[in-house]
Every structure is written in C-alpha cells, then in structure tokens.
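Undergrad: model the following, please.
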Amino acid sequence: MAGDAYDVLIIGSGPGGASVAWRLARTGKRILLVERGAYLKRERQNWDTVEVFGKGRYQANETWRAASGATFQPGLHYWVGGNSKLYGAALFRLRESDFSCVRHPDGASPEWPLKYDVFEPYYQAAEELFQVHGLRGEDPTEPRASGPFPRPPVRHEPRIAELSQAWSREGLHPFHLPIGALIEEDAKGETLPHSPCLRCDPFDGYPSLTNGKADAQIVCVDPALAAHDNLTLLTGAYVEKLVTDSGGGRIVGVEAIVEGRRQTLTADMVVVACGALSSALLFLRSANDAHPDGLANGSGQVGRNYMRHNNATVLAISRAPNPTEFQKTLALNDFYHGHALSPANDWEFPLGHIQMVGKSDGAQIELEGLPAMLHWLPQKPFDWIARHSVDFWLSSEDLPRPDNRIYYQGGEVFLDLNPGNMEGHRRLREKLKAICDKADIHPHLIDRSLYLGRNVPIGGTAHQAGTLRFGADPATSVLDLDCRAHGIDNLYVTDASFFPSIGAINPTLTIVANALRVADIIAKRLGAAPPVPG
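TA: Residues are numbered from 1 along each chain as shown. Have a look, this model is predicted:
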C-alpha cells in the first residue's frame, strides 16, 4: 500500500472523513481512507454502564495536560466511525442566525464567510445520508429546508409525551428531536421486529450493540466499501506528519505508523478529518522549513479558537415514576435566541438549547455519586432515583477565543481552556428548573458529569470545533472558503475545526453537510462529475 498512488487520501473515518469517502467513492477515483483505530468490537460491554462510563473502555488511552500542568484523559474515541460510535446522534442544522454575528454578554460569535443558503442543499443530503428522523414545523427556530426529514419522528413514550404536553400548555414549543436512530416503527409507534435500533436505555453515549445508530461507520464507511472497490480502508494507521514539497505549496507524502512500521502514502489530494483537536495537532507536528510554525499557520491561528459547547447533562426527579425506555425524543429551543427572537427568554442574550438524553440507570447514578443530602438516607436509593429520573442535556454557545487552544510543549499535548459565556448557561439551567416544576418534576437538577467524559470540563471534548477556522483572509484564518489550507494546493479539512462559531446545538450534521460540499469541490478538481446532492 505504501507504494500505491491514490487520487484522494482521507485521514480520519469520523463523520467528516467518512462522508467525503462515501461521496467520492462514487466517482470511480482511487480513494484511501486512513483510520488510526480499528473496528469497535461488538460485545456485551457495549451496553455495560460501568465499562462505558466508569472505566472509559472505549475512550482513547492518552494523557494530555492543562495549562496548570494537571494531566487529564481527553474524551476522544479512535475507532472506524470516530467519535460518532459513541455520540448521541442528535442531528441539527445550525440556525440561519448562527451564520451571522450573534451578541453575547462576553462578546460576539463571529459571522461566517459563507451563509446558510450555501449549506442548505448539503444539509438536506446529510439528513438523507444519516437517515434523520424528525418533523418539520415543530421547532420555531428551525431554518428553512428544501425537503422534509427523510424519516418520521421517533415516537414519544407516555411520560415524555406528558412532559411535551405540559410544556405546550405553558406556551412553549417542544418538538421531536431530529435523531439518527436506525429505528423502524409501525403506525402505532411500536418497534418492528427487524428494527436495528431497539427501544432501550443504552443508546446515548454507548456504542450500539445492534448497529442501530446512524454513525459514520454504519451509514458511510461500510456501505461505500461494499459498493465500490475503488475505496480502500487502512486501519491501525497513525498519521505522524504531512510532508510538503520544498516550496511548501503541496503535500507530497503522508507519513504513517502502521503496525509499528513507518510508511509514506501518496495521493493527489489529501483530506484531514481527525477531529478539531487532532487535526490541529497534525498541522502543528508537520512543521517544516516552509511552514516553521505548522502547516498553513501564517496567521498563527492553528490550534487556536478552540470551542466546545458549555454543556451539562442533568438528572431531575419525576414525582411519578418514569418508565421510559428510549428517552431521547424531545427537545426545546424556546430560549435559543435573545428575547427579541425568543419571547420566552426574558434576557436580551441567547441562553441555548435543551434536549433529552438517555435515561439514567442505577449503576450510572452510583458512579456519579449522590448529592450530599441523599447520603443521609439509610440506604443509597440508586435504583429508586433511576426509576424516577428524567434526564436532560443543556447546551449553550461557547465563543472562539485565541487563548483557548491546543499545542505541543516539551513533546506533550497541552489544551488551554478558560470557560466563558457561562451566564447564559446558568440562566438556561434556571429556566429548566422552572419549567420542570410545571411538569410534575422536582425543580432540582443533579449533574451527570461522567456522561460528558472524565475530567470535565477540560476532558469533556464533546462538540470540539474551531481550531482551523476558515475564511477569505489568510492573515486571520487557516483554511479558505473551500476548506483548503491557505497556501497548500491539495490539502483540505472536513471536520469541525473549520467552524468560525459553534451555535448552541450539536455540530455533527454541519460537519457532514460541509464534508459533502468539499467532496464535490474535490471531485470537480479531479475531473469527476460530482453526484447530485441527495
């Protein structure tokens, strides 16, 4: 394989890399998809709470440092399919307003150089590729769309339907969560016998033992490999650096460690999609005489402007038992904008987004540790709390700041992160408390920190974005508007590192939509007619 020449070499098989591979495989060009991990094993432990959350069985075994010098284990997953093997599969389009400058008390999220209309046909294609379930018209903040969701919304179970109705009576607009669950239901909302996705707790944050999640391996990599013999997958290959020609204007080699041996891979076009943190690290360790500070780093922005949402996963206690099995079906955006666009928000600035997450079980609650007041009970009521739990994900926008960055120092990886824009997140939490009280749920929120990854907040790298931002000006950005590295003719990036801002909703669908867009750009350069979006 080291002696083979490819038309396109893609590094990383998560949503960004896998979507490019799926799209370009149909052109007939020779495509190599390189993944540092292997296939994630289907095993009983996929659905074992202690193994997944307590022991971090599928998490990358790496140690990074914070600016303070303290060490932590990043919440990354190196598998075919990347982080999507353990994601929650909530698949949102950014709101149209997210592509404009949005004011927050700590500053402003920057305007995107390309607007929603450029991405819209690719959003539609991404929803179809990832088989998103949803219903247009329920969410008052949703952007315009050229077609319906490809799959009907996943049915609410009775307790979640009651919660939706209670919020509606309060004048709010709860809606069915757009989700990439490979679930097949009959007219009554009952799961069909052949449905890959089952109505069960282990979905959100777990690998899918039944292959019932629309992750990048299941919907992109495996189908493309089966259909196109011009696509090759190389696993267990850690890309150490990208090699340029003497002038620095073209990638001429990809140095990888495969089974302990160094190999040099070559291709006409190279696509980096390792995830925002790992892609920035690859650019930095590929420094050479032509690029002394890292590839395409004339702006000094490589690794900077790191964003991850201000996230919280919280547990509330329903006064009545909550026997829901598949809880991740409901969301709320009534506090997404400032008061002018979201009247339910009495503050002038945006608060963020609320959605359901997978239901807690007794083992999760025991691993998290109980609130101090519950330790006074004669027996730790883990299972009782689980039976009454209602679980939410809260997400508020993080702003890009140059000092939030990833870099190497003394051969170690450092991640500097100073949380900002937290007032909106605090207020969103208070709003959730208030509306829970209206829905027969105690207005006390208990944090589920393990769900976000160990060593939160710095180790919780869910929704990573922004380290290689795109823009028209090489002095202030790393990538151009085609997501091609400034000054390097054949190097593209298709993960969330290109984001100038992150909004307050899950970024995966935007990653996929942009990856399909960039794949069409590459296809044109290769003289291959790109497939029509859809």
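Undergrad: make it CA atoms for all contacts and neighbour counts henceforth
TA: Will do.
Undergrad: what's the burial count for the nearest residue to L445 once chain neighbours are set aside?
TA: Closest residue to L445 apart from its sequence neighbours, by C-alpha to C-alpha, 6 or more residues apart in numbering: A316 at 5.1 Å. A316 has 22 neighbours, counted by other C-alpha atoms under 10 Å.
Undergrad: the chain: helices as residue ranges?
TA: 15-25, 49, 116-129, 158-169, 216, 222-227, 276-285, 362-368, 382-388, 422-437, 508-525 (DSSP state H).
Undergrad: now the last one: how far from the chain's centre is it?
TA: Here helix 508-525 shows a centroid-to-chain-centroid distance of 16 Å under the convention C-alpha atoms, centre = their mean, to the nearest Å.
Undergrad: residue contacts, F414?
TA: Residues near F414 by C-alpha atoms under 8 Å, 6 or more residues apart in numbering: W64, R65, A66, A67, I406, Y407, Y408.
Undergrad: among those residues, which has the minimum pLDDT value?
TA: Lowest pLDDT among the contacts of F414: A67, with 87.
Undergrad: measure it to D403 for me?
TA: 11 Å (C-alpha to C-alpha, to the nearest Å).
Undergrad: you'd agree S396 is up against A312?
TA: No - counting by C-alpha atoms under 8 Å, no contact exists between S396 and A312, whose distance comes to 9.1 Å.
Undergrad: looking at the two, which is more packed in?
TA: Neighbour count, other C-alpha under 10 Å: between S396 and A312, S396 has more, with 27 against 22.
Undergrad: show me the shaky parts of the chain.
TA: 1-3, 368-380, 449-461, 529-534 (pLDDT under 70).
Undergrad: just the CA atoms of stretch 121-136, as CSV, please.
TA: Output in CSV follows, covering the C-alpha atoms of stretch 121-136 (Å, rounded to 0.1, in the frame of the first residue of the first chain):
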residue,chain,number,x,y,z
PRO,A,121,-28.8,21.5,-0.1
TYR,A,122,-26.0,19.7,1.7
TYR,A,123,-27.9,19.7,4.9
GLN,A,124,-30.7,18.0,3.1
ALA,A,125,-28.3,15.5,1.6
ALA,A,126,-26.7,14.9,5.1
GLU,A,127,-30.1,14.3,6.7
GLU,A,128,-30.9,11.7,4.0
LEU,A,129,-27.5,10.0,4.3
PHE,A,130,-27.7,9.8,8.1
GLN,A,131,-31.4,8.8,7.9
VAL,A,132,-32.6,11.5,10.3
HIS,A,133,-36.0,11.2,12.0
GLY,A,134,-37.9,14.4,12.6
LEU,A,135,-40.8,16.6,11.8
ARG,A,136,-40.6,20.0,10.1
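Undergrad: got a list of contacts for it?
TA: 91, 93, 145-154, 176-182, 214-215, 219-220, 509-510, 512-514, 516-517, 533-534.
Undergrad: give me the buried entries from those residues.
TA: The neighbour-count test (16 or more other C-alpha atoms under 10 Å) applied to these identifies 91, 93, 149-154, 176-182, 214-215, 219-220, 509-510, 512-514, 516-517, 533 as buried.
Undergrad: for the protein, which strand is longest?
TA: strand 261-272 (DSSP state E).
Undergrad: and that strand, which strands flank it?
TA: strand 5-11 (parallel), strand 251-258 (antiparallel), strand 491-493 (parallel) (DSSP bridges).
Undergrad: tell me what angle it forms with helix 15-25.
TA: 80 degrees (axes from the mean of the first three to the mean of the last three C-alpha atoms, to 10 degrees).
Undergrad: which parts of strand 261-272 are buried?
TA: Under 16+ other C-alpha under 10 Å, the buried positions of strand 261-272 are Q263, T264, L265, T266, A267, D268, M269, V270, V271, V272.
Undergrad: count the neighbours of the residue nearest to the fourth one when sequence neighbours are not counted for me.
TA: Think T266. With sequence-adjacent residues excluded and distances taken as C-alpha to C-alpha, 6+ apart, T266 is closest to G253, at 5.0 Å. Neighbours of G253 under the rule other C-alpha under 10 Å: 18.
Undergrad: just put the buried residues of strand 261-272 in a markdown table and tack on distance to G471.
TA: Output for the buried residues of strand 261-272, formatted as a markdown table (distance: C-alpha to C-alpha, whole Å):
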| residue | distance to G471 |
| --- | --- |
| Q263 | 33 |
| T264 | 31 |
| L265 | 29 |
| T266 | 27 |
| A267 | 25 |
| D268 | 24 |
| M269 | 20 |
| V270 | 19 |
| V271 | 18 |
| V272 | 17 |
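Undergrad: neighbours of the nearest residue to E366 once chain neighbours are set aside, just the number please.
TA: In space, and not counting its chain neighbours, E366 is closest to F382: 6.1 Å by C-alpha to C-alpha, 6+ apart. By the criterion of other C-alpha under 10 Å, F382 has 18 neighbours.
Undergrad: touching, F382 and H388? I think so.
TA: No - under the criterion of C-alpha under 8 Å, F382 is not in contact with H388, lying 10.2 Å apart.
Undergrad: start to end distance for stretch 337-356?
TA: Start to finish, the residues bounding stretch 337-356 are 19 Å apart (C-alpha to C-alpha).
Undergrad: cool, stretch 165-178 as well?
TA: By C-alpha to C-alpha, one end of stretch 165-178 lies 18 Å from the other end.
Undergrad: got a list of contacts for that stretch?
TA: Stretch 165-178 has contacts (C-alpha under 8 Å, 6+ apart) with 90-92, 132-135, 138-140, 153-154, 164, 328-334, 344, 355, 435, 438-439.
Undergrad: give the buried residues for it.
TA: Q165, A166, W167, L172, H173, P174, F175, H176, L177, P178.
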